[in-house]
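Peer 1: Here is my input, please return the structure:
(4 chains)
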Protein chains: 2
Amino acid sequence: MQELSEKGNITRARIVETARELFHKNGVRATSVDQILEASGTGKSQFYHYFRSKEDIVREVLRFYKEVMLSGQGPIRIEIDSWEGLENFFNDHLKGIRMFNYERACPIGSIGNELAAENEDVRQDVNAVLDISIQKITEFFEGLKKAGKLKKSADPKSLANFSLASLQGALLLSKFNKDPKPAENTVKHALTYLKSFSK
Amino acid sequence: MQELSEKGNITRARIVETARELFHKNGVRATSVDQILEASGTGKSQFYHYFRSKEDIVREVLRFYKEVMLSGQGPIRIEIDSWEGLENFFNDHLKGIRMFNYERACPIGSIGNELAAENEDVRQDVNAVLDISIQKITEFFEGLKKAGKLKKSADPKSLANFSLASLQGALLLSKFNKDPKPAENTVKHALTYLKSFSK
DNA sequence: ATAATATTGTACTAAATAGTTCAATATTAT
DNA sequence: ATAATATTGAACTATTTAGTACAATATTAT
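Peer 2: Numbering: from 1, shown residues only, chains lettered A, B, ... in the order given. This next block holds a predicted model:
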């Protein structure tokens, strides 16, 4: 691999960002390389200079999500240290789908659902990225437990897993309905349930 | 539209069934018309004799799911008249994903996630099919309520919506993990929560 | 039997797709 | 300044895609 100049980094990042947006909006297979080029104002030689293939850019998009989440620079706070923080985590996702008129679900989940069967690496990448959220929520519940503020019967990892599953389903149903209510309703119930383990 | 002979109906049904299976396994866009033809042992002239386009067969597949659900002939009992029936509804879905080694999520949800953005008709079809389940679950909770066996605070439609959302998320996470545990765990929590409204 | 209709096989088309080639132009380091 | 390297433009290729044309063959109704 050759080095990238500052200019190269900017071009590369623009391509990744454009691909990320198109994958979220239309799906990976519904997005052609040519569409990414046109929308990012780049040419084919630029694309294949920075990426080996379409598969490669899918994985780079997932790497982007991973980095954003790990660096805490994304629009959604996943460092959760209070019940309010957990509510914000859910509500930020509701804000997210509102931005796109309830026409999109989770960008990472969408990629996973489309490609997990045909590409084992992508499946694992998707899993790893979603695990970041699950791990953060797990740590929140573990903290509560250590502080004696969570019922003994509660399993942090299990509750965190349930949190993410209900959130994925919530976003999906709102996309199908093009309406915020299914997601809001699901999140409300999930939070009520989770809080029932508080003490 | 011309009439179909018995032979025609069989061929047509075989194409729909093959498409249904491939869409579930690999996704709609990942499935070419030619793949459907090869897997169903039919030719192009047959396909376009019975279907107007690829979009058309996607909608026929959704119509198939709708009919199966409404006729009660599917592998999953959606006529629910007891808590055990609701548990079976969830557990049947867990059995379903086990059949495919946890490599697939909901076939209807997958189509919706892939095509809702680009095809409004498909989005509405998907919504309508999933609404059949939601409606059946709603009726179960309404029945309980009328019998005085559900807390007054419980809203049947809202709980039914939550049921389907958590199920969709459950199946999705197990697909990403290629493992039954996330779905089993999510379903366990969802059922616990739902039962908390029993009285 | 024959006419009408339904089904199917073969060959084709036009567009889109991912990816390549290669030379031209910037940029950076010495 | 110049050599090395990074970036980009333009034209191209091979394959796959959805969909068409049309004649040949079955099947059914009269």
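Peer 1: Distance check, whichever residue of chain A sits closest to DNA strand D against residue A:42.
Peer 2: Here chain A gets closest to DNA strand D at one residue, residue A:8, 1.6 Å apart by C-beta to the nearest atom of the strand. To be clear about C-beta, it is placed using only N, CA and C from the backbone, and glycine gets the same treatment. Note on residue A:8: its distance to residue A:42, by C-beta to C-beta, to the nearest Å, is 11 Å.
Peer 1: and what of residue A:171?
Peer 2: 31 Å.
Peer 1: ok, those two, which is more surrounded?
Peer 2: residue A:171 (29 against 18; other C-beta atoms under 10 Å in any protein chain shown).
Peer 1: Which positions within the helix or strand harbouring that one qualify as buried?
Peer 2: Assigned by DSSP states H and E, residue A:171 belongs to helix A:156-177. Buried residues in helix A:156-177, counting neighbours by 16 or more other C-beta atoms under 10 Å in any protein chain shown, are found at A:156, A:158-177.
Peer 1: Please name every helix or strand in contact with it.
Peer 2: helix A:83-99, helix A:107-115, helix A:120-146, helix A:181-195, helix B:107-115, helix B:120-146, helix B:156-177, helix B:181-195 (3 or more C-beta pairs under 8 Å, 6 or more residues apart in numbering or on different chains; DSSP states H and E).
Peer 1: From the contact counts, what lies against the first one?
Peer 2: Which is helix A:83-99. When contacts are defined as 3+ C-beta pairs under 8 Å, 6+ apart, helix A:83-99 sits against helix A:120-146, helix A:156-177, helix A:181-195.
Peer 1: cool, and the second one?
Peer 2: Judged by 3+ C-beta pairs under 8 Å, 6+ apart, the packing partners of helix A:107-115 are helix A:6-26, helix A:54-71, helix A:120-146, helix A:156-177, helix B:107-115, helix B:156-177.
Peer 1: Which one of the ones you listed lies nearest to residue A:189?
Peer 2: helix B:156-177 (4.3 Å; C-beta to C-beta).
Peer 1: Next, the angle from the closest one to helix B:181-195.
Peer 2: Orientation check (axes from the mean of the first three to the mean of the last three C-alpha atoms, to 10 degrees): helix B:156-177 against helix B:181-195 gives 170 degrees.
Peer 1: Give me the distance from stretch A:31-38 to the chain's centre.
Peer 2: 22 Å (C-alpha atoms, centre = their mean, to the nearest Å).
Peer 1: Wondering if that stretch reaches DNA strand D at all.
Peer 2: No: counting by C-beta under 7 Å from any atom of the strand, DNA strand D is not contacted by stretch A:31-38; separation bottoms out at 9.1 Å.
Peer 1: Stretch A:16-25 now?
Peer 2: No: remark: stretch A:16-25 sits outside contact range of DNA strand D, by C-beta under 7 Å from any atom of the strand, the gap being at least 13.0 Å.
Peer 1: For that stretch, buried residues please.
Peer 2: A:16, A:18-25.
Peer 1: do you know which of the helices and strands packed on helix A:83-99 lies nearest DNA strand C?
Peer 2: Closest among those, once you apply C-beta to the nearest atom of the strand, is helix A:120-146, at 13.6 Å.
Peer 1: what's that closest one packed up against?
Peer 2: Contact analysis of helix A:120-146 by 3+ C-beta pairs under 8 Å, 6+ apart lists helix A:54-71, helix A:83-99, helix A:107-115, helix A:156-177, helix B:156-177 as its packing neighbours.
Peer 1: Let me have those in a markdown table, extended by mean pLDDT.
Peer 2: Formatted as a markdown table, the helices and strands packed on helix A:120-146 follow (pLDDT from 0 to 100):
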| stretch | mean pLDDT |
| --- | --- |
| helix A:54-71 | 98 |
| helix A:83-99 | 98 |
| helix A:107-115 | 98 |
| helix A:156-177 | 98 |
| helix B:156-177 | 98 |
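Peer 1: mind checking which of these is nearest residue B:62?
Peer 2: helix A:156-177 (11.9 Å).
Peer 1: Tell me what angle that closest one forms with helix B:107-115.
Peer 2: Using the same axes, to 10 degrees: helix A:156-177 against helix B:107-115 is 70 degrees.
Peer 1: what sits against the residue of chain A found nearest chain B?
Peer 2: At 3.0 Å from chain B, residue A:169 is the closest residue in chain A, using C-beta to the nearest C-beta. Residue A:169 makes contacts with A:186, B:164-170, B:172, as judged by C-beta atoms under 8 Å, 6 or more residues apart in numbering or on different chains.
Peer 1: okay, the residue lying farthest from the centre of chain A: pLDDT?
Peer 2: Distance from the C-alpha centroid of chain A, by C-alpha atoms, centre = their mean, peaks at residue A:148 (30.9 Å). What the model reports as pLDDT for residue A:148 is 97.
Peer 1: Equivalent analysis for residue A:52, please.
Peer 2: 97.
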